[in-house]
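1. Everything below, folded, please.
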Amino acid sequence: MSLRRELRAAGGFVFGLVGLFLAYVHRGDLLVAPFAVLGAALLLGSALAIRERPRVASRAWRWSRRALTAVTALVVLAFVVTPISAAVWVTQAPRETVRPFDLVHQDVSLHTRDGLRLAAWYVPSRNGAAVVVVHGGGGTRNGSERHARMLARAGYGVLLYDARGNGESEGRHDAMGWTWEPDVAAAVDFLSRRPDVRGRVGAVGISTGAEAVLQAAARDDKIAAVVSDGAIARNLAETRQLAGAEELQAVPYYGILVATIRTLTGTHQPPPLQQLVPAIAPRPVLLIATGEGTEQAMNRAYHRAAPVTELWELPRIGHTLGLRDAPAAYARRVIRFLDAALLHLGA
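-> I've put the predicted structure just below:
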């Protein structure tokens, strides 16, 4: 039947493209990449080799089928191939090399409660308070350097670390941040024991790191203040805060993404942030949202769930680029927030 041929062709197309992406992700692995390329070539070849049997049909019918095939291919690419490939990337992306850091610091190691060692840099405190800075999902502690310099200039101790599976840290890569809470907890415990830090610990998270510090702060009252720069969504419940076309696009995409991640890793989704953020109160939270799309909508939803949070929107600035593109305004707002939260506590 024609439908069976089309389904076989679609399957070959989908998994062939995923195979090519898998080969790219593991391009440095001589055991994985060649077989992924071979499998992808066979699948794509089989899809191209399937031909429809000649039949008598009107020109309008033939062009209608071609148009439908093209639309179906685009839908499959957007809502099947793309989220599956994204799931492969966020769970298996190759490590990035850590570059030297030019700020005076100490090389330290953190130890998580599930037995991992995390590589870190610590800039000692000059004002009795310290901040852990958590980078985004796809990078290393190098991605936090700009924030570290801003905080160090204001006298704060700063701890930067490679999240599990990134840079020089142990563990499995997890660009969604589902498993990052123990990493943040280890960083906060390290700062809490420092003689130059008198119990005043804050957390700044960037992108995936923002979501991680919000979750950690909801469960760890040693975090006295949170700056969340660029939190978006990491599970299905969070995407349902969107509306209209954004929801129609996000829900099926995240559905496939989440299912694939769970299949590849066995990891469950973390609780939705709209449930966690209210639990941080009465400790202060600054939500920073850039752009006018999904990030803005998600942070407004988190702010509605916890009205005591501060929401600062930067609609003309790209994702997590506030400090780069508006350095004076960003530093003034963030340092003022942290000073009020960390330097004016009980003495």
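2. okay, CA-based contacts and neighbour counts for the rest of this
-> Fine.
3. where exactly do the helices run in the stretch 201-347 of the chain?
-> Along the stretch 201-347 of the chain, counting by DSSP state H, counting those that start in this stretch, helices occupy 208-219, 236-239, 245-265, 273-276, 294-305, 322-325, 327-338.
4. Identify each buried residue in the last one, please.
-> The reference is to helix 327-338. Under the neighbour-count criterion of 16 or more other CA atoms under 10 Å, helix 327-338 has 330-331, 334-335, 337-338 buried.
5. And the fifth one, by the same measure?
-> Within helix 294-305, the residues that qualify as buried by neighbour count (16+ other CA under 10 Å) are 294-303, 305.
6. do the same with the fourth one
-> By neighbour count with 16+ other CA under 10 Å, helix 273-276 contains the buried residues 273-274, 276.
7. quick one: which of those is nearest residue 197?
-> residue 276 (26.8 Å; CA to CA).
8. Which residue, other than its chain neighbours, is closest to that closest one?
-> Once flanking residues are discounted, residue 276 sits nearest to residue 218: 5.7 Å by CA to CA, 6 or more residues apart in numbering.
9. One more: residue 254?
-> Using CA to CA, 6+ apart, the closest residue to residue 254 is residue 236 (6.1 Å).
10. And residue 292, by the same measure?
-> Residue 292's closest residue in space is residue 315 (CA to CA, 6+ apart), at 5.3 Å.
11. Quick one, grab the pLDDT at that neighbour.
-> Note for residue 315: predicted pLDDT of 95.
12. Count the residues that sit near it.
-> 14 (other CA atoms under 10 Å).
13. What is the least confident helix or strand in the chain?
-> In the chain, the helix or strand scored least confidently by mean pLDDT, DSSP states H and E is helix 33-49, which has a mean of 52.
14. What segments of the stretch 51-200 of the chain are helices?
-> Using DSSP H, counting those that start in this stretch, helices in the stretch 51-200 of the chain cover 59-76, 82-92, 145-153, 181-192.
15. hey, which of the ones you listed is tucked in deepest?
-> helix 181-192 (a mean of 22; mean count of other CA atoms under 10 Å).
16. I appreciate the help and will end here.
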